[in-house]
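>>> let's see this in three dimensions:
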Amino acid sequence: MPDEIAVMVGRDGQIASLNEDGQIILYQRRGCSCSGYHWHRSRDMNISWQGVQGIRELRERLEKAIEFMGDCRVFITSHVSGVPYFELEKAGFSLWEASGDPGSYLDEVAVQETQGNPEKSHSCEMNDELPAPLEVFPGCFRISLREIQRDNTRFTSKQVLLPFLQRGNYRVLEILCDHVPPWLESGLATGQYSGSIEACGNNMSKITIISCREGDDSPCTEI
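Alright, predicted model coming up:
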């Protein structure tokens with residue numbers, strides 16, 4: 001189980017995107033109780049992207065942030081993509097997306113990191129039913145991450161999508177979201193998943209994942 005978890009926090013005290021100015025706060029685990037673990041705010045670092053010119057300077061600031069986090073390799077942010085995502089991944093970080101109060105996720109992330117199953121929810125902390133894609137046509141499913149995160153911010157994109165993707169009992173999955181989860185974007189880029197990403201109106205994106213079942217050559221009807 002990780003002894004420390006880093007969280008990107010905005011000026012409002014809520015989990016923020018790594019693209020924003022704010023603080024990286026390190027929480028250290030101290031003992032446990034029947035209701036969960038005790039987390040102590042051990043140190044923090046102000047981080048700002050103002051005045052950054054070019055990828056080289058961006059990487060230099062990221063290197064300072066990684067150095068500040070020391071041995072910690074678990075990082076929670078509301079969104080991270082592009083150069084920051086790949087630099088953190090290269091440094092061995094386990095990246096989590098969440099929003100809201102940082103303290104609401106520390107126990108859950110720590111337990112799932114230990115289990116090695118980030119797609120599974122911790123039953124002691126997650127009492128709500130996990131949302132699932134809706135079948136709108138045989139073999140074709142749709143889900144809106146925007147609605148899920150708006151209604152219940154305790155669910156992460158990995159918790160919602162990974163169990164479904166790993167079962168593979170679908171032909172097309174359409175995902176509507178405010179931003180593309182970096183782990184899924186990376187999976188599409190490396191060929192782990194087959195599909196496409198397109199911009200929609202109202203600052204939304206639509207991700208289409210295609211995984212036709214073996215022996216089924218019939219095309220999916222347009223969703």
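
>>> now L58: which helix or strand?
helix 54-69 (DSSP states H and E).

>>> what sits up against that helix?
Outside helix 54-69, the residues within contact range by Cβ atoms under 8 Å, 6 or more residues apart in numbering are 4, 6, 24, 26, 43, 45, 47, 49, 52, 75, 83-84, 87-88, 91. Backbone N, C-alpha and C define where each C-beta goes, glycine included.

>>> so which of the residues you listed belong to helices?
Counting by DSSP state H, these place 83-84, 87-88 in helices.

>>> which of the residues you listed sit farthest apart?
Spatially, the most separated pair among the ones in helices among the contacts of helix 54-69 is V83 and L88, at 9.6 Å (Cβ to Cβ).

>>> who has more neighbours, the two?
L88 (23 against 12; other Cβ atoms under 10 Å).

>>> for the more buried one, give me its contacts.
So L88 contacts 62, 66, 75, 80, 95 (Cβ under 8 Å, 6+ apart).

>>> try L184
Applying Cβ under 8 Å, 6+ apart to L184 gives the contacts 157, 161, 175, 193, 207.

>>> just to revisit the earlier point, go through the helix holding L58 and flag the buried ones.
58, 62, 65-66, 69 (16 or more other Cβ atoms under 10 Å).

>>> now stretch 191-204
So, applying 16+ other Cβ under 10 Å, buried residues of stretch 191-204: 193, 195.

>>> gap between the two ends of it?
Terminal residues of stretch 191-204 lie 23 Å apart, using Cα to Cα, to the nearest Å.

>>> what does it contact?
For stretch 191-204, the surrounding residues in contact (Cβ under 8 Å, 6+ apart) are 146, 165, 176-178, 180, 184-188, 205-211.

>>> if we can go back for a sec, E135: which of the contacts of L184 is nearest?
If you rank the contacts of L184 by distance to E135 using Cβ to Cβ, I175 comes first, at 14.2 Å.

>>> bridging residues for the closest one?
I143, I207 (DSSP bridges).

>>> got a pLDDT number for it?
The per-residue pLDDT reported for I175 equals 94.

>>> pretty sure it sits against R146.
No: I175 is beyond contact range of R146, at 9.7 Å (criterion: Cβ atoms under 8 Å).

>>> higher neighbour count, those two?
Using other Cβ under 10 Å as the criterion, I175 and R146 rank with I175 on top: 24 against 17.

>>> and the more buried one, what does it touch?
In this structure, I175 makes contact with 142-145, 161, 184, 206-209, judged by Cβ under 8 Å, 6+ apart.
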